[in-house]
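take a look and give me a structure for this.
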Amino acid sequence: MSTDVNPLDPQQLRIWLLAAGKRDAGAFRSLYDATSPKLFGFALRILHKRELAEEVLQEGYVAIWNNAANYQSHLAAPMTWMATIVRNKAFDHLRRSDTAVEIDAEQFDSEVMNALQDPQATPIEALQMSGDAKALAWCMSALEGMHRQVVALAYYHDLSHSEVAEQMKLPVGTVKTWIRRSLEKLRTCLAKREQT
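Predicted structure coming up:
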């Protein structure tokens, strides 16, 4: 049996994800089989309960299937994109539950940044980011927390400005302004990183 193919190879994941975007169920199944253990572990770290993590994982893969056609490989590596979806589904679940939970986006972002330096760790640390995704993650982490969340909802979850405003309980004008300014900051940050 050949061991040349690593199922978590970003290029292979990208191929399956793009095929899933064209409604290729077989490719989606391969993507699920390769990534679900890591993403389940990730959900479990946030939720601490197996049954909740399983539920969130299922919701996450439904969202991945529904949004695969919108995946843009130049913005994030496949595992990064999928982990963000699962992360947000887990946080949505925590927000809906009776338990008051403080979501620490800064801690999450520092864990992502630590993951970039330790490719052997699991499960969040197993995110395999391309150079572009690393730069984007770094630049995203430089945005203010609320601005980062607004951008993530708009681009990772493909929500409209009004949907983001509704979810964040903000005026639509504020959301549009934050997104515009954040995108300008990201462009500037990415351009500076390209020059280094």
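
and the residue nearest the centre of this structure?
In the chain, the centroid-proximal residue (Cα atoms, centre = their mean) is Thr84; its distance is 1.8 Å.

which SSE is it in?
helix 78-96 (DSSP states H and E).

which secondary structure elements does that helix sit against?
Packing partners of helix 78-96 (3 or more Cβ pairs under 8 Å, 6 or more residues apart in numbering; DSSP states H and E): helix 10-21, helix 25-47, helix 50-67, helix 145-156. Every C-beta, even on glycine, is put in place using the N, C-alpha and C of the backbone.

where are the low-confidence patches of this structure?
Within the chain, the ranges that satisfy pLDDT under 70 run 1-7, 97-134, 156-158, 196.

try 80
1-8, 75, 94-138, 141, 145, 152-159, 167, 193-196 (pLDDT under 80).

thinking again about what came up before, could I get the helices and strands packed on helix 78-96 as CSV with distance to Gln195 and mean neighbour count?
Shown next, in CSV, are the helices and strands packed on helix 78-96 (distance: least, Cβ to Cβ, whole Å; neighbours: other Cβ atoms under 10 Å):
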stretch, distance to Gln195, mean neighbour count
helix 10-21, 25, 19
helix 25-47, 33, 18
helix 50-67, 32, 18
helix 145-156, 23, 19
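
dump these into JSON lines; add distance to Lys176 as well.
JSON lines is the format used below for those (distance: least, Cβ to Cβ, whole Å):
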{"stretch": "helix 10-21", "distance to Lys176": "27"}
{"stretch": "helix 25-47", "distance to Lys176": "30"}
{"stretch": "helix 50-67", "distance to Lys176": "22"}
{"stretch": "helix 145-156", "distance to Lys176": "10"}
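
of these, which is nearest Gln167?
Set against Gln167 and scored by Cβ to Cβ, the helices and strands packed on helix 78-96 come closest in helix 145-156, at 6.2 Å.

hmm, Phe28 is touching Asn66, no?
No: Phe28 is beyond contact range of Asn66, at 11.0 Å (criterion: Cβ atoms under 8 Å).

okay, buried residues for stretch 71-83 please.
Under the neighbour-count criterion of 16 or more other Cβ atoms under 10 Å, stretch 71-83 has Tyr71, Ser73, Ala76, Ala77, Pro78, Met79, Thr80, Trp81, Met82, Ala83 buried.

now, which of those sits nearest Ala191?
Ala76 (18.0 Å).

follow-up on the earlier one: farthest pair within the buried residues of stretch 71-83?
Ser73 and Ala83 (15.1 Å).
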